[in-house]
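J.: Provided below for reference: sequence and predicted model.
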Amino acid sequence: DQQVKQNSPSLSVQEGRISILNCDYTNSMFDYFLWYKKYPAEGPTFLISISSIKDKNEDGRFTVFLNKSAKHLSLHIVPSQPGDSAVYFCAASALGAGSYQLTFGKGTKLSVIP
Amino acid sequence: KAGVTQTPRYLIKTRGQQVTLSCSPISGHRSVSWYQQTPGQGLQFLFEYFSETQRNKGNFPGRFSGRQFSNSRSEMNVSTLELGDSALYLCASSLTATNEKLFFGSGTQLSVL
């Protein structure tokens, strides 16, 4: 039972345009969400997070939107740069339930075309 | 500040053998988590330790075990290796006990032949 789903295995975007990566979750206990970026042969790197009490969090070119009623979050990258090409993982945690683990989606491979 | 260090970086074993992977967390981090990444499966949670106590365990067979030492360093062990254990094993550490933000190492790539 996959509790965090990233339905698009890959996404190609032109440099300078917006990249939108989507993530859906099923567990209502999740109250904290994160995005990680991973390059080949490296560990994932934290990108941005959002608590369930917010619906938007912004950090430079990266913005995460959370729609709790739809159990959906998205990561927007504007403008996209070739260095953004990587695999992006959505992750969720149930902090309020005392869970200390992250549940990850399977990832979306973003390719930014120069 | 040094990041999360995992050793070895690559490992080749044969079926039936056992393996021990090591993880040194960021200095001051007391929480260590382990994840397995296989192609197409994302990252799957193995277990998590805080102050030498295992607080969470994922849905993996008993062949997978781990421990944490008093200096927060952690090891995971896989016994009786199977071909399906071939994966990238990632260790992550966290400053807070609630693990809001994990810092990952580069992983140990295990190949079972």
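T.: Yep, it's here. Everything numeric in this text was worked out from a predicted model, so none of it was measured. Residues are numbered from 1 along each chain as shown, chains lettered A, B, ... in the order given.
J.: write out the residues of chain A neighbouring chain B.
T.: A:32, A:34, A:36, A:41-46, A:49, A:89, A:91, A:93, A:95, A:99-107 (C-beta under 8 Å from any C-beta of the partner chain). The C-beta positions use only the backbone N, C-alpha and C, and glycine is treated the same way.
J.: how many residues are close by the residue of chain B at minimum distance from chain A?
T.: At 3.3 Å from chain A, residue B:104 is the closest residue in chain B, using C-beta to the nearest C-beta. Residues near residue B:104, counting by other C-beta atoms under 10 Å in any protein chain shown, number 22.
J.: so what's it closest to, chain neighbours aside?
T.: Distance criterion C-beta to C-beta, 6 or more residues apart in numbering or on different chains; nearest residue to residue B:104, sequence neighbours excluded, is residue A:43 at 3.3 Å.
J.: tell me which helix or strand that neighbour sits in.
T.: If you go by DSSP states H and E, residue A:43 is not part of any helix or strand.
J.: what about the closest residue to residue B:31 other than its chain neighbours, distance to residue A:17?
T.: With C-beta to C-beta, 6+ apart as the criterion, residue B:31 has its nearest non-adjacent residue at 4.2 Å, and that residue is residue B:94. Distance, residue B:94 to residue A:17, using C-beta to C-beta, to the nearest Å: 35 Å.
J.: the two: which is more packed in?
T.: residue B:94 (22 against 13).
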